[in-house]
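Undergrad: pasting the structure only:
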């Protein structure tokens, strides 16, 4: 059935004009939009492609002349990208999981399943686990013993939730995510080579003896706050003694790894392949672009923004914008990059000077 133009506008807090009773059943780019779809032409550059499609309705920037674009209705909004969030939500049905418990699911008799929950086929739910009302768990996911899943959580195919993990309300776990894997923590009977190098900054004794690694077991778990989203194949290790914690509203991209005992604050965004080593602390509203790395046992302050592939080895004060390996202020790294580009010319100039001096001698 879709939605009327007026309904969509109300849902995203925008203004609708024209034939607002028109119904649309989906969204599309301007050149690809059919008569039953709403064209997303939220910038004048995109609107140029409208004549190539057949859309009757479009989302446009505030103040756009939609009639001149040949449309019968329009939704006008000042912050188009925010409108995109609301529109895509309206047309995304999510995974199709039948309400109730599928006959092929394996649910321990001591597990508690909340009202309106949907448990797909081949899901495994362990002893004492609690599934909140309205939660949806897609096929082949597993929920280990003692785990707590909050209301309206969406767990996609193949997710693994470990023992005693606690997950807040409206959390989304994308396919293949592992929440509550064992922490990567080992010790040797005597001081290991790594400990030696940390103390000496590189020097090592000759002929180090063989030292077997002994596992330190993880007695803690993982706690995810409300409205957290974890990307596909991301992994969050449980804590050694206390829990690993992810604050409310934080979003982790695909392939992010969070080590044992890490604490991440509220409303952070960690992009693909970010790695946080054990016991690091990340403040609120921190953004890390792809392939950033954070050393163990350090602190990254509130509102820090780290550019792509930044490697953070020391504490970072709140509000700083950083880049590079090792991380420095972004403006400093830009100057370093400029200097690096000049090195070939500088080397050639030095060589020429050496040659001239040599001839003169």
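TA: Great, that's in hand. Remember, predicted model here, so these are calculated numbers, not experimental data.
Undergrad: so for residue 123, what's the nearest residue that isn't a sequence neighbour?
TA: Ranked by Cβ to Cβ, 6 or more residues apart in numbering and with sequence neighbours excluded, the top spatial neighbour of residue 123 is residue 105, at 4.4 Å. No exception for glycine: its C-beta is placed from N, CA and C like everyone else's.
Undergrad: oops, could you answer that again for residue 24 instead?
TA: residue 38 (4.4 Å).
Undergrad: so what's residue 94 up against?
TA: Going by Cβ atoms under 8 Å, 6 or more residues apart in numbering, residue 94 touches 136, 154.
Undergrad: repeat that for 6 Å
TA: Contacts of residue 94 were listed using Cβ atoms under 6 Å, 6 or more residues apart in numbering, and none were found.
Undergrad: so where does it fall, helix or strand?
TA: Residue 94 is part of no helix or strand when elements are defined by DSSP states H and E.
Undergrad: please tell me how far it sits from residue 110.
TA: The gap separating residue 94 from residue 110 is 29 Å, by Cβ to Cβ, to the nearest Å.
Undergrad: re earlier: okay, now the residue nearest to residue 24: neighbour count?
TA: By other Cβ atoms under 10 Å, the residues close to residue 38 number 28.
Undergrad: what's in contact with stretch 48-62?
TA: Contact with stretch 48-62 is made by 5, 22, 24, 30-35, 38-42, 66, 69, 71-76, 78, 83, as judged by Cβ under 6 Å, 6+ apart.
Undergrad: one more pass at 7 Å, please.
TA: Residues outside stretch 48-62 that contact it (Cβ atoms under 7 Å, 6 or more residues apart in numbering): 5, 22, 24, 30-35, 37-44, 47, 66, 69, 71-78, 80, 83, 87.
Undergrad: can you check stretch 160-167 too?
TA: So stretch 160-167 is contacted by 142-150, 153, 178-181, 221-224, 238 (Cβ under 7 Å, 6+ apart).
Undergrad: stretch 182-195 too?
TA: Stretch 182-195 has contacts (Cβ under 7 Å, 6+ apart) with 204, 208, 211-216, 218, 237-240, 259-260, 278.
Undergrad: if we use 6 Å, what do you get?
TA: With contact meaning Cβ under 6 Å, 6+ apart, stretch 182-195 is reached by 208, 211, 213, 214, 215, 216, 218, 237, 240, 260.
Undergrad: just the mean pLDDT for it, thanks.
TA: Stretch 182-195 shows a mean pLDDT of 90.
Undergrad: same check, this time on stretch 2-21
TA: In the prediction, stretch 2-21 has an average pLDDT of 94.
Undergrad: ChimeraX command for the buried members of the contacts of stretch 48-62?
TA: The buried residues among the contacts of stretch 48-62 can be selected in ChimeraX (16 or more other Cβ atoms under 10 Å) with this line:
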select :5,22,24,30,31,33,37,38,39,40,41,42,47,66,69,71,72,73,74,75,76,77,80,83,87
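Undergrad: show me the contacts for residue 309.
TA: With Cβ under 6 Å, 6+ apart, residue 309 has these contacts: residue 291.
Undergrad: next one: it from residue 290, what distance?
TA: 7 Å.
Undergrad: before we move on, what about residue 178?
TA: Using Cβ to Cβ, we find residue 178 at a distance of 20 Å from residue 290.
Undergrad: number of residues surrounding residue 160?
TA: 20.
Undergrad: how far away is it from residue 179?
TA: 7 Å.
Undergrad: biggest helix in the chain, by residue count?
TA: Longest helix of the chain, by residue count under DSSP state H: helix 330-360.
Undergrad: thought residue 325 was touching residue 312?
TA: No: Residue 325 lies out of contact with residue 312 (Cβ atoms under 6 Å); the separation is 9.3 Å.
Undergrad: comparing the two, which shows the higher neighbour count?
TA: residue 312 (25 against 13).
Undergrad: hey, what's the more buried one bridged with?
TA: On the basis of DSSP bridges, residue 312 is bridged to residue 294.
Undergrad: can I assume it is in contact with residue 327?
TA: Yes: with contact defined as Cβ under 6 Å, residue 312 reaches residue 327; the gap is 4.7 Å.
Undergrad: and the helices in the stretch 1-150 of the chain?
TA: Using DSSP state H, counting those that start in this stretch, the helices of the stretch 1-150 of the chain run over residues 5-12, 44-47, 80-91.
Undergrad: so which of these is the most packed in?
TA: Most buried of these, by mean neighbour count (mean count of other Cβ atoms under 10 Å): helix 5-12, with a mean of 19.
Undergrad: any idea how far residue 263 is from residue 188?
TA: 27 Å.
Undergrad: what about these two, which has more around it?
TA: residue 263 (20 against 15).
Undergrad: ok, now how distant is the closest residue to residue 97 other than its chain neighbours from residue 341?
TA: Nearest residue to residue 97, sequence neighbours excluded (Cβ to Cβ, 6+ apart): residue 118, at 4.2 Å. As judged by Cβ to Cβ, residue 118 and residue 341 stand 56 Å apart.
Undergrad: likewise for residue 285?
TA: Using Cβ to Cβ, residue 285 is found at 33 Å from residue 341.
Undergrad: of these two, who's got more company?
TA: Set residue 285 next to residue 341 and count neighbours by other Cβ under 10 Å: residue 285 wins out with 19 against 9.
Undergrad: just for the chain, where's the confidence low?
TA: Filtered on pLDDT under 70, the chain yields the residue ranges 206-209, 360-361.
Undergrad: beta partners for the most centrally placed residue in it?
TA: The structure's the chain has its C-alpha centroid closest to residue 252; by Cα atoms, centre = their mean the separation is 2.1 Å. Assessed by DSSP bridges, residue 252 has beta-bridge partners residue 230, residue 270.
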